[in-house]
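Engineer: predicted model follows, preceded by the sequence.
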Amino acid sequence: MKKMIIGIASQQDIRARALAIARGDHRPRAGEPKIWFTSMRSLAEVLSDDNRALLRVIREHKPESLSRLAELTGRAPSNLSRTLKTMEHYGLVEMRRDVRTVRPVVNASEFVIQAA
């Protein structure tokens, strides 16, 4: 698995950075965060102990569906779906859709946090 670099900055700074990239004034270098949070609190909610344990279960067991993941974790499917949707929004997991199922795949096993 790869490392995922996460940045923490104000919404204003994140927006200014995105606009600079769009204008061509800034080229992101290797090692710069690709995922941004506006506060440590929001990062802590997404990467809580429970959610990191969930990522570990997905990585180790490679469940073929959300229902199988619910069995492995003992969490309600609706709760899992909501949590995974949030993690997918931030790029932490990918939800691969097969013909009849949705299979979660973890995109990183390590996280490096850079706070401005």
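Structural biologist: Received it, and whenever you're ready, just let me know what you need. Quick caveat: nothing in here was measured; it's all calculated off a predicted structure.

Engineer: quick check: nearest residue in space to the residue minimising distance to the centre of the chain, chain neighbours excluded?
Structural biologist: Nearest to the geometric centre of the chain sits Leu92, at 2.2 Å (CA atoms, centre = their mean). Using CB to CB, 6 or more residues apart in numbering and skipping the chain neighbours, the partner closest in space to Leu92 is Asn107 (6.0 Å). Any C-beta I mention is one placed from the backbone N, CA and C, and that applies to glycine too.

Engineer: check what pLDDT the one you found gets.
Structural biologist: Per-residue confidence (pLDDT) for Asn107: 91.

Engineer: any idea how far the residue nearest to the centre of the chain lies from Asp50?
Structural biologist: 14 Å (CB to CB, to the nearest Å).

Engineer: can you check Lys34 too?
Structural biologist: Here Lys34 is placed at a distance of 24 Å from Asp50 (CB to CB).

Engineer: also Ser109?
Structural biologist: In this view, Ser109 and Asp50 are 17 Å apart by CB to CB.

Engineer: cool, Gln11 as well?
Structural biologist: Where Asp50 is concerned, Gln11 sits at a distance of 26 Å (CB to CB).

Engineer: ditto for Val102
Structural biologist: Distance, Val102 to Asp50, using CB to CB: 20 Å.

Engineer: neighbour count winner among those two?
Structural biologist: Val102 (15 against 11; other CB atoms under 10 Å).

Engineer: for the more buried one, list the residues it contacts.
Structural biologist: Ser65, Leu66, Met95, Arg96 (CB atoms under 8 Å, 6 or more residues apart in numbering).
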